[in-house]
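>>> the following block contains a protein sequence and its predicted model.
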Amino acid sequence: AMDTDFNTKYRSGNEASKEIIFSLVTSNINFDNANGGFRDYFRVNISDNTVGVYSSKDIFTAANSNDDLRGKSWFKDASGAYICTKFDVDKAYNNPLIHLTEIKLIRAESAAELGQNLAKATDDLNEIKVRAGVPELTTPPAVTIINESRRERYIELYFENNRLHELKREAIKDNPNLLIRGVIWNCPGMVCQLPDSELKGNPDMLPNPQGGCN
């Protein structure tokens, strides 16, 4: 079932969240804090109000439109530098990798792509929107469901290592000329590079293609 609060799965652990399907669990913060390495890239350093990775203005604007509660809870404007506070957890952090929100967004978009069961797709979207304080959809056409599913995914799954994969998926499906930060979505440099330690340790291992993204 969906959590009443969209923060629960990030800030309260598996024992409190109803919508986590699979997560990486920190059993003891003193001896097993593996998820802290992920969290600390994004968590605000309270001593100087900085973070390791800043958000974009685009997500800040999107999440704060229509009086979206996620914008107020997850993002703040620090004098023109945009910070995501979604993972501001001081205690042991359990990292949710698959949760019901994403499953509902997959079901809604795929239903619209197939032109089937649009009423259920709309219900899935509205459950997420209502929780975030965003106006509901009323009998939307399939194209609106697709666009809204992608928009909700952009906000709900922000900083969950999802966005680049989604942009590539959308490019293959709808827009082969899609640019990501000014470069074509499938340029060789978009491929994750293998670490030097691995390449040096195995002379038969070849590096992934590089470049082409300038």
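Received it, and whenever you're ready, just let me know what you need.

>>> got the buried residues for the lowest-mean-pLDDT helix or strand in the chain?
The helix or strand of the chain with the lowest confidence, counting by mean pLDDT, DSSP states H and E, is helix 36-42 at a mean of 74. Applying a neighbour-count criterion of 16 or more other Cβ atoms under 10 Å, one finds Phe38, Arg39, Phe42 buried in helix 36-42. C-beta: built from backbone N, CA, C; applies to glycine.

>>> how about the nearest residue to the residue nearest the centre of the chain, chain neighbours excluded?
Centroid check for the chain by Cα atoms, centre = their mean gives Leu157 as the closest residue, at 2.3 Å. Spatially, and ignoring its direct neighbours in sequence, Leu157 is nearest to Glu102 (6.4 Å; Cβ to Cβ, 6 or more residues apart in numbering).

>>> and the pLDDT at that neighbour?
At Glu102, the pLDDT value in this model is 96.

>>> and Gly133, by the same measure?
Here the pLDDT value assigned to Gly133 is 97.

>>> what about the strands in the protein?
Secondary structure of the chain (DSSP state E): strands at 20-24, 75-78, 81-84, 95-99, 179-180, 183-184.

>>> so Asn94 versus Tyr54, what's the distance?
24 Å (Cβ to Cβ, to the nearest Å).

>>> more crowded one of those two?
Neighbours of Asn94 and Tyr54, each counted by other Cβ atoms under 10 Å, are more numerous for Asn94; the result is 24 against 14.
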